[in-house]
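J.: Give me a 3D structure for the following:
(2 chains)
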2 protein chains.
Amino acid sequence: MPYRSPVAEYKFVLENIVGFDDVAATERFAEATPDTVDAILTEVGRMADEKLAPLNRNGDLYPAVLENGVVRTSKGFAEGYAAIAEGGWNGLSAPVEHGGMGLPLTLTCAMNDIFSGSCMALGLNPLLTQGQIEALDHHAPDWMKDLYMPRLISGEWTGTMNLTEPQAGSDVGALSTKAVPNGDGTYAITGQKIYISWGDHDFGGNICHAVLARLPDAAPGTKGISLFMVPKFLPKEDGSLGEPNSLRVVSLEHKMGIHGSPTCVMEYAGATGWMIGKDHGGMAAMFTMMNNARLAVGMQGIGIAEGALQHAQAYALERKQGRTPLEGKGGSGTIADFADVRRMLATMKADTFAARAIALACGVALDMAAATGDKGWQARAAFLTPIAKTFGTETGITVSELGVQIHGGMGFIEETGAAQYSRDVRVTAIYEGTNGIQAMDMVARKMMDGGEMANTLIDEIESFAETARASLPELGGAVWEAAETLREATEWMTGQGDLNDRFAGAVPYLMGFARVLGAHYHLRAAMAEGGDGPRTRLARFYIDRLLPEHVGHLAHATCGSADLYAFTTEDLTA
Amino acid sequence: MPYRSPVAEYKFVLENIVGFDDVAATERFAEATPDTVDAILTEVGRMADEKLAPLNRNGDLYPAVLENGVVRTSKGFAEGYAAIAEGGWNGLSAPVEHGGMGLPLTLTCAMNDIFSGSCMALGLNPLLTQGQIEALDHHAPDWMKDLYMPRLISGEWTGTMNLTEPQAGSDVGALSTKAVPNGDGTYAITGQKIYISWGDHDFGGNICHAVLARLPDAAPGTKGISLFMVPKFLPKEDGSLGEPNSLRVVSLEHKMGIHGSPTCVMEYAGATGWMIGKDHGGMAAMFTMMNNARLAVGMQGIGIAEGALQHAQAYALERKQGRTPLEGKGGSGTIADFADVRRMLATMKADTFAARAIALACGVALDMAAATGDKGWQARAAFLTPIAKTFGTETGITVSELGVQIHGGMGFIEETGAAQYSRDVRVTAIYEGTNGIQAMDMVARKMMDGGEMANTLIDEIESFAETARASLPELGGAVWEAAETLREATEWMTGQGDLNDRFAGAVPYLMGFARVLGAHYHLRAAMAEGGDGPRTRLARFYIDRLLPEHVGHLAHATCGSADLYAFTTEDLTA
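T.: The predicted model follows:
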């Protein structure tokens, strides 16, 4: 069964779960009426189903290759990209004054979910361009905005992010790429960058590299980093392509997944660049790009979960193995009737819903912050971003893993595509900041408010659970109690003065928080349908069976670091 | 850093954790003295480190291929196999009267761990031969034993298992391959078999296919299945190879991992076969082979966990990223100093230990059952087998996943080998009975005793925890309490008359049981070193941080099936 974009699911979640009507009620996003949202999602979905999904397997089988210094992409990818560009989808949430549609970021989240579910390797390309558009909008000088933004928004040009160097991964501050002023306002950029997704392609147009580098007088560490625009071709004033810049793709990586996405080692040999933002202001500009990208990567995880779910559903409905417990009782007669398969399908569906609701709540908070400037919305978005990224990508991994398992032996055979979801999604827990880095951001920077935002969310969860208790006493009660356990863990966390004690439990704390938050959204879904129906059944499944995992996560989260540092290095590595 | 077989770890676990001295004290295994065990493990380890580990990456990069109807294996595999055969390792636990060493199966478990950690794709070959030797020993007529067993034991010939057909996977009873008597004591075997690991190769000798098929008068389902020996070449009386049999490899599968292991689609076109066992007695014979193989597959998971652990340890000790919390405090100065990386390394190490201890306890029970014929040991082995298989393979999956994560971006790049562990091990949760099937076996067949064996184990856990409490009160107390929770879940499970209510929680019950059992073995390890030292530190880590997961597992395990069957088919598949 081919992929079908989950448009109806999106409409339900936006309308009933994450308060998208608040966004549509703002002046800034007044155009995001239900009709517009419907039209946009339907059109994105139609395009992805028809143009992107058919490319997915091909990209896996026939990776992008480097030929004579240029990247030749997988067959059909250029046409797929053209369909994305023609729809204007790079600019769905980009400013209207530069040719964008100016619609809420929440809709771009939906789009990234759909692009990833249909063809993650290609869908990664517009995701990077979106991030660059946002960075330019916030930090670039006007001439650069005027030259680059319309072309990125139209899809004529594409954008990349160049952070990592061999010695500088999670420690971005260790990067050594140099930027030397040429005296004419430009800079000569010299250095090597690795893991550059879509660093080159054969779609035509320009490839705009946003490159982190150091000015000659720069301080060490992250404070001495500036951001530069380094295009593949030096644009003329009219925007036409001029001379090639002094940069090249050295090689492509052989990866576990997303083979269709060329991951480049880039060499800059005195390439001409222009500064985005201020001297030594590179990290601020890069964070704009990365914050956007973190949520987008969470959406990739969710998109893959959706793709893997649909794929496993179709297989389960088709595969027959022996007598089933529902024979003659209206079952399907297939493996979908077996309890263990039902458990797996329900887990996949329940976690995909939870991860999507969390991510869209983050999207709504970002939109509300943008529309109102309200600090509460900003703080909420900042707090939810690492959760959305990490839980979205972990869900992509576990759900695609279950998808393989439902396929049995066929899951291990590449032909079915189940394994591809599992391989493709693996990178999402790593790039744009590993999930460990996300969790450390959550328990340190995002809890510098003493846990205020965390507790605001816990208050909301408890308050809704109280209300729900009247009609769904068991579910409401279980969610309320889990929220109390989360509150205790949060108190413990904010009470630790030594950040290392927080870091020692950061990942399980984040996962425990996500488990409880997911239960909250499931409860909202159950209440939205009046406490009876398929969403209530799924909520019950999640709350009875998956929510209890928070106990283990939060016990793990609150151990402190003493035991980890009682280990000698040899204990752990010999 | 290259793979190093965990010989010292084995000696510790055998001597201190799983009571291997009981095995050595039996008459049957009197030769398995500490010196012999040491010599065997050292020699297996040396061979695997030197001859097998260097082949691992090559097998992944250059899979076996089918050329003109025969399989050409990855470069170096023939030499690697020759080293296995020369050591006589196929026959480590095989009967002495046919040329085997007659040593305990527990040592074969250790060997399979080591073979898989060094090169799982090749290590799968002897594993299948071991299973066939055991099936022949129990079920074959004497002439067949005399002809086949010495050659399988010497490694001159290899064995395969042929169960699955396209329509008959987990439902083995649906198989349709026919066996028609030729009137001369032989049978004509006709049908197609899939997923035949090592169904062909270029190592020389004969390839002995153990094939499940139906006699013309056979009942439907598993009761009508018989087992046949169908060799690639018809052996002459002196054992030399005669005419080729009427069978062929139709194609090889393209798989997610273990590329070096040729997974064949086999076609039997009236091939000559000889019955192993009795008419319609195929399942009994096959179960001998599969029970052996299930534990061996658990060892594959553990072996991969070991390989991934060593690989991640080496990377963590080498990779530098910024200032670490242990700078100037005797740390490594590498990422191994960071709390989150320590958490991951300790999780990998703690789970690998737990899974290995559980599997070896199963091996010891099998050896004791074989040596004494005692029903208690038999029941213990039967109960532990699905846990050893499932927890061993799930540990392989989660540990190799963490290995990828520790590598950061490099984890997704195939060059490092971290991804290969993760891809290779994925099949172990599927073959020899999916982990779902294992768990259903555990809660149904293995609890037909009303939970007696489960409670015997829980009693032992509690009793040891009581003793440990005197010197390690917190750890002993936590393990005791977890065992009580497990006892309650076990009571619930055995109280369900409708097996579907058990099946609905089978996998989480098994995982919860394994979590508690793992804690027991960690506690034993801590006590064995006197309650202070690296094993005690690891035990504390496991009991504080990982053991609490049993709460979520066991809550999930005891929900019954009503919620799963409240879902309509459409709820779950649309």
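
J.: Get me the contact residues on the stretch 51-200 of chain A for chain B.
T.: Contact residues, the stretch 51-200 of chain A versus chain B (CB under 8 Å from any CB of the partner chain): A:164, A:167-171, A:173-174, A:194-195. Bear in mind the C-beta positions are built from the backbone N, C-alpha and C, glycine included.

J.: give me phi/psi at A:I258?
T.: phi 30, psi 50 (degrees, to the nearest 10).

J.: The nearest residue to it once chain neighbours are set aside: how many residues sit nearby?
T.: The spatially closest residue to A:I258, leaving aside those adjacent along the chain, is A:A121, at 4.2 Å (CB to CB, 6 or more residues apart in numbering or on different chains). By other CB atoms under 10 Å in any protein chain shown, 30 other residues sit near A:A121.

J.: quick one: secondary structure of A:A121?
T.: Secondary structure state of A:A121, per DSSP: H, G, I helix; E, B strand; the rest coil, is helix.

J.: quick one: it from chain B, how far?
T.: A:A121 sits 13 Å away from chain B, taking CB to the nearest CB, to the nearest Å as the criterion.

J.: just A:N182 next, same as before
T.: Distance of A:N182 to chain B, given as CB to the nearest CB: 31 Å.

J.: where does the nearest residue in space to that residue that is not next to it in sequence land on pLDDT?
T.: Take A:N182 and drop its neighbours on the chain: the residue closest to it by CB to CB, 6+ apart is A:A188, 5.7 Å away. On the pLDDT scale, A:A188 is placed at 98.

J.: And for A:G330?
T.: 88.

J.: With A:M1 instead?
T.: pLDDT, read off for A:M1, is 67.

J.: do the same with the one 4 residues further on
T.: In this prediction, A:S5 carries a pLDDT score of 98.

J.: same question, A:E327
T.: 88.

J.: doesn't A:F338 make contact with it?
T.: No - the criterion here is CB atoms under 8 Å, and A:E327 misses it with A:F338 at 11.2 Å.

J.: Tell me which of these two has more neighbours.
T.: Set side by side, A:E327 and A:F338 show more neighbours around A:F338, with 24 against 11, by other CB under 10 Å.

J.: hang on, that one packs against A:P325?
T.: Yes - using CB under 8 Å, A:F338 is in contact with A:P325, at 7.0 Å.

J.: May I see the PyMOL selection of the buried members of the residues of the stretch 51-200 of chain A next to chain B?
T.: Only the buried entries of these go into this PyMOL selection, using 16 or more other CB atoms under 10 Å in any protein chain shown:
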select buried, chain A and resi 164+168+169+170+171+173+174+194+195
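
J.: Take the residues of the stretch 51-200 of chain A next to chain B and keep only those in strands.
T.: Among those, DSSP state E puts A:194-195 in strands.

J.: can you put the residues of the stretch 51-200 of chain A next to chain B in CSV and add pLDDT?
T.: Output for these, formatted as CSV (pLDDT from 0 to 100):
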residue, pLDDT
A:T164, 96
A:Q167, 94
A:A168, 94
A:G169, 92
A:S170, 90
A:D171, 93
A:G173, 93
A:A174, 95
A:I194, 98
A:Y195, 97
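
J.: give me every residue that touches A:T398.
T.: Contacts of A:T398 were listed using CB atoms under 8 Å, 6 or more residues apart in numbering or on different chains, and they are A:D351.

J.: right, I mislabeled it, should have said A:T352
T.: A:302, A:305-306, A:309, A:395, A:399.

J.: before we move on, what SS does A:S251 have?
T.: Classification of A:S251 using three-state DSSP returns strand.

J.: What about it, how many residues nearby?
T.: Counted with other CB under 10 Å, A:S251 comes out at 12.

J.: and if you look at the one 10 residues further on?
T.: A:S261 is surrounded by 30 other residues when neighbours are defined as other CB under 10 Å.

J.: can you pull the pLDDT of the nearest residue to it once chain neighbours are set aside?
T.: If the residues on either side of it in the chain are set aside, A:S261 comes closest to A:A121, at 4.2 Å by CB to CB, 6+ apart. You'll see A:A121 listed with a pLDDT of 98.

J.: who touches the residue nearest to A:I258 in this structure?
T.: Counted by CB under 8 Å, 6+ apart, A:A121 has contacts A:56, A:59-60, A:74, A:77, A:258-261, A:424.

J.: distance of it from A:E156?
T.: Here A:A121 is placed at a distance of 21 Å from A:E156 (CB to CB, to the nearest Å).

J.: A:G199 should be in a helix, yeah?
T.: No - counting by three-state DSSP, A:G199 is not part of a helix but coil.

J.: where's the spatially closest residue to it that is not a sequence neighbour relative to chain B, distance?
T.: Among residues not flanking A:G199 along the chain, A:C264 sits closest, at 3.0 Å (CB to CB, 6+ apart). Going from A:C264 to chain B by CB to the nearest CB gives 13 Å.

J.: What is the strand or helix carrying A:C264 packed up against?
T.: Of the helices and strands defined by DSSP states H and E, A:C264 is found in strand A:263-276. Packing partners of strand A:263-276 (3 or more CB pairs under 8 Å, 6 or more residues apart in numbering or on different chains; DSSP states H and E): helix A:105-139, strand A:187-197, strand A:207-213, strand A:226-231, strand A:247-252.

J.: buried set for it?
T.: Buried residues in strand A:263-276, defined by neighbour count with 16+ other CB under 10 Å: A:263-268, A:271-276.

J.: Next SSE downstream of the helix or strand containing A:A478?
T.: In the assignment (DSSP H and E), A:A478 maps to helix A:473-494. Once the chain leaves helix A:473-494, the next helix or strand it forms, by DSSP H and E, is helix A:499-503.

J.: now chain A, which segments are flagged as low pLDDT?
T.: Counting by pLDDT under 70, chain A has low-confidence residues at A:1.

J.: before we move on, back to that, now, the contacts of A:T352 that are in strands?
T.: Per DSSP E, the subset of the contacts of A:T352 in strands is empty.

J.: Contacts only, for A:E415.
T.: By CB under 8 Å, 6+ apart, the residues touching A:E415 are B:253-254.

J.: How much space separates it from B:E253?
T.: 8 Å.

J.: what about the residue nearest to A:G260 when sequence neighbours are not counted, helix or strand, and which?
T.: Excluding its sequence neighbours, the residue lying closest to A:G260 (CB to CB, 6+ apart) is A:G59, at 2.3 Å. Using DSSP H and E, A:G59 sits in helix A:56-61.

J.: Following element in sequence after that helix, please.
T.: strand A:65-67.

J.: tilt between the helix or strand where A:L523 lies and helix A:473-494?
T.: In the assignment (DSSP H and E), A:L523 maps to helix A:506-528. Put simply, helix A:506-528 runs at 150 degrees to helix A:473-494, going by axes from the mean of the first three to the mean of the last three CA atoms, to 10 degrees.
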